[in-house]
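1. got a sequence here, can you build the structure:
(chains A and B)
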Number of protein chains: 2
Amino acid sequence: MSTMDIFKAAMEKAEAYAQALPPEPAPFPVPQGAEIAAWIDHTLLKPTATDEQIMGLCREAMEYHFAAVCVNPAYVPLAQGILTDKDVVTCAVISFPLGAHLPAQKAAEARSVLQAGAREVDMVMNIGAMKSGAPYLVYTDIKTVADVVREYDAHLKVIIETAYLTREEKITACLLSQAAGADFVKTSTGFAPSGATVEDVALMRRVVGPEMGVKAAGGIRTLADAQAMIRAGATRIGASAGVAIVKEATA
Amino acid sequence: MSTMDIFKAAMEKAEAYAQALPPEPAPFPVPQGAEIAAWIDHTLLKPTATDEQIMGLCREAMEYHFAAVCVNPAYVPLAQGILTDKDVVTCAVISFPLGAHLPAQKAAEARSVLQAGAREVDMVMNIGAMKSGAPYLVYTDIKTVADVVREYDAHLKVIIETAYLTREEKITACLLSQAAGADFVKTSTGFAPSGATVEDVALMRRVVGPEMGVKAAGGIRTLADAQAMIRAGATRIGASAGVAIVKEATA
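-> Take a look at the predicted model:
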């Protein structure tokens, strides 16, 4: 199928799903005890984050066996220098947190963090394009980045920023991300007026089916929060409270 | 002087100014009536901004003779397509709003918006580097972008994000921006917990002296707000309420 055909098929599916969602996928197993660490991206994205805080984040990630550290592009080289445990990868956010870049700009930023060693890229969708009724731009934006990420054998998460989207836009954003070759859809940047909700995670899981990753992020502070997201279909949790969550899980 | 000598001189000045500020510059003339439009960057940076809203912003900018439209990188080509009145330039924000990119990443983003036609670039300082006690990175970050901006005969504003800085860091940020060849220092992104204050604008003006631009942005909604900033030393106002401010000024 051509790129345009793939886009059109995704848009037709979005229209159908807006009327009637596909059946719910079978429930996912919930991690027990310290296992939950492998579900968590240990995250520090504040503009005021210091070298020392990022180094601490990386050391904690290795100690607790989190899936990744999630940092801004400026801190990818530092994280790479600290993460000697190859089980923990560096995840970099791009076009973050507004998503208001052109495809070529996002691709260049993705290439830059991948060259620096990031193995996961969390990009923000072009929210303005979605709101402008320009889904083909939303799709090509994601595909352009996905193609670069694939070159590096890395993974792409697309932040759809649910806080700003209608139900139909959430469905469309998920299906366009999937069609464009993303590995995960992700709820939130943590910089919008609201973060992940159980309802949004359940909707996103149902829309993308059982195979694709779903990352819940934004406002997840306790073990109960994280477990609720996982029960709803999240396979990854973005949180700055990862250590507290694991301690609670193993208490 | 070598780059390192220029940096060192700025840091020495910052230390001296932290103890005793230089004399206040003579007060600036305050614009009368509709003149104030030429002080204003007509701004729309929300991630949800649509094509139509950006086109409206550009048309208003031409109608009211604002200095510039200030938009995210994705919207520079569209703004350029609308702004047929050459008195109004396109200003693009880069590394916005977190500032957490490496110098080469910021330079690439600056080049991209300049190639698309932007004639002003508002970059966010590396706030994390300032907080990490790494002022030389703060300086080289700005200088790297300033060198690109100069190639295009454009202007650079450095957003220091006052909300996160101590008084000493504000002084240092202003002097490093000036030493690195920026044209303006700017208070805020509008995405931090607080925006421009009269006190910060007065401090920034006093530190950089009478020649450099000072842009006040974040939370400026009325004519009184704008006039207070100008009286304190601002030569540019970033606002989404530009039309209301000009209407108030000419009522």
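
2. when you work out contacts or count neighbours from here on, use the C-alpha atoms and nothing else.
-> OK.

3. surely A:Leu21 is in contact with A:Met204?
-> No. If you go by CA atoms under 8 Å, A:Leu21 and A:Met204 don't touch, sitting 10.5 Å apart.

4. quick one, which of these two is more surrounded?
-> Between A:Leu21 and A:Met204, counted using other CA atoms under 10 Å in any protein chain shown, A:Met204 has the larger neighbour count: 27 against 14.

5. A strand includes that one, no?
-> No. Assessed with DSSP: H, G, I helix; E, B strand; the rest coil, A:Met204 is helix; it does not lie in a strand.

6. ok, it to B:Val185 distance?
-> 43 Å (CA to CA, to the nearest Å).

7. who in the stretch 1-150 of chain A is up against chain B?
-> Counting by CA under 8 Å from any CA of the partner chain, the stretch 1-150 of chain A comes close to chain B at A:46-52, A:72-75, A:97-102, A:105, A:109, A:112, A:127-129, A:131-132.

8. selecting buried members of those in ChimeraX, what would you type?
-> Buried members of those, defined by 16 or more other CA atoms under 10 Å in any protein chain shown, are picked up in ChimeraX with:
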select /A:46,47,48,49,50,51,72,73,74,75,97,98,99,100,101,102,105,109,112,127,128,129,131,132
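
9. what sits against the residue of the stretch 101-250 of chain A at minimum distance from chain B?
-> Closest to chain B within the stretch 101-250 of chain A is A:His101: 4.1 Å, counting by CA to the nearest CA. Residues in contact with A:His101 (CA atoms under 8 Å, 6 or more residues apart in numbering or on different chains) are A:Ser95, A:Asn126, B:Asn72, B:Pro73, B:Ala74, B:Tyr75.

10. which of the three states applies to it?
-> Here A:His101 takes the coil state, with states given by three-state DSSP.

11. for A:Ala18, which non-adjacent residue is closest in space?
-> Of all residues not flanking A:Ala18 in the chain, A:Glu168 sits nearest, at 5.8 Å (CA to CA, 6 or more residues apart in numbering or on different chains).

12. so after whichever strand or helix holds the one you found, what's the next helix or strand?
-> Assigned by DSSP states H and E, A:Glu168 belongs to helix A:167-179. Next along the chain after helix A:167-179, taking DSSP H and E as the criterion, comes strand A:184-186.

13. let me know the helix or strand that the closest residue to A:Val198 other than its chain neighbours is in.
-> Ranked by CA to CA, 6+ apart and with sequence neighbours excluded, the top spatial neighbour of A:Val198 is A:Met229, at 5.6 Å. According to DSSP H and E, A:Met229 maps onto helix A:223-232.

14. off-centre distance for that helix?
-> Taking the mean of its C-alpha atoms, helix A:223-232 sits 16 Å from the chain's own mean (CA atoms, centre = their mean, to the nearest Å).

15. counting by contacts, list what it packs against.
-> Applying 3 or more CA pairs under 8 Å, 6 or more residues apart in numbering or on different chains; DSSP states H and E, we find helix A:223-232 packed against helix A:198-208, strand A:236-239, helix A:242-249.

16. most tightly packed of these?
-> Across the helices and strands packed on helix A:223-232, averaging neighbours per residue (mean count of other CA atoms under 10 Å in any protein chain shown) puts strand A:236-239 on top, at a mean of 27.

17. in TSV, list the contacts of A:His101 along with distance to B:Asp85.
-> Formatted as TSV, the contacts of A:His101 follow (distance: CA to CA, whole Å):
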residue	distance to B:Asp85
A:Ser95	30
A:Asn126	28
B:Asn72	20
B:Pro73	20
B:Ala74	21
B:Tyr75	17
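
18. hmm, which two among the residues you listed are most spread apart?
-> Across those, the two members that end up farthest from each other (CA to CA) are A:Ser95 and B:Tyr75, 13.6 Å apart.

19. so how far is B:Thr189 from the residue of the stretch 101-250 of chain A closest to chain B?
-> 17 Å.

20. ok, now A:Val246?
-> Counting by CA to CA, the gap from A:Val246 to B:Thr189 is 35 Å.

21. from A:Ala38, how far out is the residue nearest to A:Ile40 when sequence neighbours are not counted?
-> Closest residue in space to A:Ile40, ignoring its immediate chain neighbours: A:Ile237 at 4.7 Å, by CA to CA, 6+ apart. For A:Ile237, the distance to A:Ala38 equals 9 Å [CA to CA].

22. OK, contacts around A:Lys106?
-> By CA under 8 Å, 6+ apart, the residues touching A:Lys106 are A:Ile94, A:Ser95, A:Met123, A:Asp141, A:Val145.

23. name the element it belongs to?
-> Here A:Lys106, judged by DSSP H and E, is contained in helix A:103-115.

24. quick one: that helix to chain centroid distance?
-> Mean-position distance between helix A:103-115 and its chain equals 16 Å (CA atoms, centre = their mean).

25. quick one: mean pLDDT for that helix?
-> When pLDDT is averaged over helix A:103-115, the result is 98.

26. over to stretch A:22-31?
-> Rounded mean pLDDT across stretch A:22-31 is 90.

27. now what about that stretch, what contacts it?
-> Outside stretch A:22-31, the residues within contact range by CA under 8 Å, 6+ apart are A:Arg205, A:Arg206, A:Val207, A:Gly209, A:Pro210, A:Gln227, A:Ile230, A:Arg231, A:Ala232, A:Gly233.

28. scan these and report the most crowded one.
-> When neighbours are counted by other CA under 10 Å, A:Gly233 leads the contacts of stretch A:22-31 with 30 neighbours.

29. go ahead and confirm that residue touches A:Glu199.
-> No. A:Gly233 is beyond contact range of A:Glu199, at 10.1 Å (criterion: CA under 8 Å).

30. SS state for A:Thr90?
-> Criterion first, three-state DSSP; result for A:Thr90: strand.

31. for the helix holding A:Met229, give me every contacting residue.
-> Outside helix A:223-232, the residues that touch it by CA under 8 Å, 6+ apart are A:27-30, A:197-199, A:201-202, A:205, A:216, A:220, A:236-237, A:245-246, A:248-249.

32. hang on, the earlier thing: turn the helices and strands packed on helix A:223-232 into TSV, including mean pLDDT and distance to B:Glu161.
-> Formatted as TSV, these follow (pLDDT from 0 to 100; distance: least, CA to CA, whole Å):
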stretch	mean pLDDT	distance to B:Glu161
helix A:198-208	98	33
strand A:236-239	98	25
helix A:242-249	98	28
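
33. quick one: those as TSV, columns for distance to A:Ala14 too.
-> Shown next, in TSV, are those (distance: least, CA to CA, whole Å):
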stretch	distance to A:Ala14
helix A:198-208	9
strand A:236-239	24
helix A:242-249	34
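
34. tell me which of these sits nearest to B:Tyr136.
-> Nearest to B:Tyr136, of all the helices and strands packed on helix A:223-232, is strand A:236-239, at 31.2 Å by CA to CA.

35. please save the CA atoms from the closest one in CSV.
-> The C-alpha trace of strand A:236-239 is given here as CSV (Å, rounded to 0.1, in the frame of the first residue of the first chain):
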residue,chain,number,x,y,z
ARG,A,236,4.6,1.8,30.1
ILE,A,237,4.3,4.5,32.8
GLY,A,238,6.1,7.8,32.7
ALA,A,239,6.7,9.2,36.2
